[in-house]
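Asker: Below are the sequence and a predicted model; questions follow.
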Amino acid sequence: MISKPAPTVPLRNGADLPLLGLGTWPLNDAEAADTVATAIDAGYRLIDTAENYRNEAGVGEGIHRSGIERNELFLTTKFNKEWHGHDGARRAFSNSSRLLGVDYIDLLLVHWPNPDEGRYVEAVEGIAALVDEGLVRAVGTSNFKPSHLQRVLDAGVIPEVNQIQLDPRRTRQDVRAFHARHSIVTEAWSPLGPRSNLLEMPPITSLAEQYGKFPAQIVLRWHVQQGVVAIPKSSHPGRLSQNIDIFDFELTPRELDSISALDTGESEITDSDIFGH
Ligand code: A2P
């Protein structure tokens, strides 16, 4: 089944970021090629990968196989701490764009802040320079806390997107409030909360029944209806179609709140002051 492409959120520099896209971790090259081609056929226009996933060549192969025009796709990748710095960001861009087989990247993100290295501000500045040159369309960070973002803002760069771990068990209200104050779009990784049994929990299950939808569709609708961009990964064609088919129903404010009430706080969030690559 082919769904209509997802609605988009406008970014400050003029790019339009789809509200729903495909995450590609932990697919290998061969799996990524098949999954990306299937997802594009199913209507996906946002594809998210990373240097660290080691599947950028496969993602590129899937894009090539799909035959889609480059300008119809919003392509996102991220780089590791090895490249934190002005020249490093440029080299990371070169490596990723070569593997992906593209001459520009829509959104390039610093994958983890690695504050012990002390160079994430330079990494973000390096991406901003690539935006100025037209090689990248938007500046992104990933797993940045408000304290990390504040240092970037103090240096005069406003990231357009911060990608964080977010799902109904970890609603990240504080980080999202900070994003909202600075017009930074929130993007959710692991939006389905795969390590909890979220999809079997009420009220997700009861709402799924009520709307004639799958539990994953209720969770993804919860994200996008709040303006949070979600990038679920699935290797199954049926689930890929399911996950993007969420733009024909609407949850009420009370239902959104009942889902947010599943929040268990920050305890299960990977601490980006400690972890990073
Ligand atoms: P699979 O790839 O076998 O479909 P997230 O992207 O939030 O980290 O979630 C990914 C996990 O959720 C994967 O294990 C994926 O499994 C599973 N998943 C993805 N879509 C669905 C769906 N529509 N229903 C149930 N599980 C799903």
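Answerer: Perfect, I can see it now. Numbering: from 1, shown residues only.

Asker: My guess is His163 contacts Trp112. True?
Answerer: Slight slip there: residue 163 is Gln, not His. No: if you go by C-beta atoms under 8 Å, Gln163 and Trp112 don't touch, sitting 10.6 Å apart. Every C-beta, even on glycine, is put in place using the N, C-alpha and C of the backbone.

Asker: what does the stretch 51-200 of the chain put close to the ligand?
Answerer: Contact residues, the stretch 51-200 of the chain versus the ligand (C-beta under 6 Å from any ligand atom): Ser190, Pro191, Leu192, Pro194, Leu199.

Asker: let's see 8 Å
Answerer: Residues of the stretch 51-200 of the chain that fall close to the ligand, judged by C-beta under 8 Å from any ligand atom: Asp167, Trp189, Ser190, Pro191, Leu192, Gly193, Pro194, Leu199.

Asker: out of everything not next to it in sequence, what's closest to the first one?
Answerer: Read it as Asp167. Spatially, and ignoring its direct neighbours in sequence, Asp167 is nearest to Gly193 (3.5 Å; C-beta to C-beta, 6 or more residues apart in numbering).

Asker: how close does that neighbour sit to His179?
Answerer: According to C-beta to C-beta, to the nearest Å, Gly193 stands 20 Å off from His179.

Asker: correct me, but Glu61 touches Ala33?
Answerer: Yes: with contact defined as C-beta under 8 Å, Glu61 counts as touching Ala33 (4.0 Å).

Asker: Tell me where the stretch 51-200 of the chain has strands.
Answerer: 74-79, 105-110, 136-142, 161-165, 185-189 (DSSP state E, counting those that start in this stretch).

Asker: Give me the packing partners of the fourth one, helices and strands only.
Answerer: Read it as strand 161-165. Applying 3 or more C-beta pairs under 8 Å, 6 or more residues apart in numbering; DSSP states H and E, one finds that strand 161-165 makes contact with strand 105-110, strand 136-142, helix 173-181, strand 185-189.

Asker: And for the residue of the stretch 1-150 of the chain found nearest the ligand, the neighbour number?
Answerer: Of all residues in the stretch 1-150 of the chain, Gly23 sits closest to the ligand, at 4.7 Å by C-beta to the nearest ligand atom. Residues near Gly23, counting by other C-beta atoms under 10 Å, number 26.

Asker: so it touches Tyr44, yeah?
Answerer: No: taking contacts as C-beta under 8 Å, Gly23 lies outside contact range of Tyr44: 10.6 Å.

Asker: Please tell me how far the closest residue to Leu135 other than its chain neighbours sits from Ile158.
Answerer: Excluding its sequence neighbours, the residue lying closest to Leu135 (C-beta to C-beta, 6+ apart) is Tyr104, at 5.5 Å. Distance from Tyr104 to Ile158, counting by C-beta to C-beta: 20 Å.

Asker: low pLDDT regions in the protein?
Answerer: In the predicted model, the chain carries pLDDT under 70 at residues 1-3.

Asker: all helices for it, in order.
Answerer: 29-41, 56-66, 86-100, 120-132, 146-154, 173-181, 204-211, 215-225, 237-244, 253-260 (DSSP state H).

Asker: The last one and the ligand, any residue contact?
Answerer: What it means is helix 253-260. No: using C-beta under 8 Å from any ligand atom, helix 253-260 stays clear of the ligand, with a minimum separation of 14.8 Å.

Asker: Could you pull up the residues touching Leu100?
Answerer: Applying C-beta atoms under 8 Å, 6 or more residues apart in numbering, we find Leu100 in contact with Thr49, Glu56, Ala57, Val59, Gly60, Ile63, Leu75, Thr77.

Asker: 6 Å - rerun?
Answerer: Glu56, Gly60 (C-beta atoms under 6 Å, 6 or more residues apart in numbering).

Asker: Quick one: the helices of the chain as CSV, columns for distance to His277 too.
Answerer: Formatted as CSV, the helices of the chain follow (distance: least, C-beta to C-beta, whole Å):
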stretch, distance to His277
helix 29-41, 19
helix 56-66, 15
helix 86-100, 13
helix 120-132, 13
helix 146-154, 16
helix 173-181, 20
helix 204-211, 32
helix 215-225, 25
helix 237-244, 27
helix 253-260, 30
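
Asker: quick one: which of those helices is nearest Thr8?
Answerer: helix 215-225 (10.8 Å; C-beta to C-beta).

Asker: Any part of that closest one near the ligand?
Answerer: Yes: counting by C-beta under 8 Å from any ligand atom, the ligand is contacted by helix 215-225 at Pro215, Ala216, Gln217.
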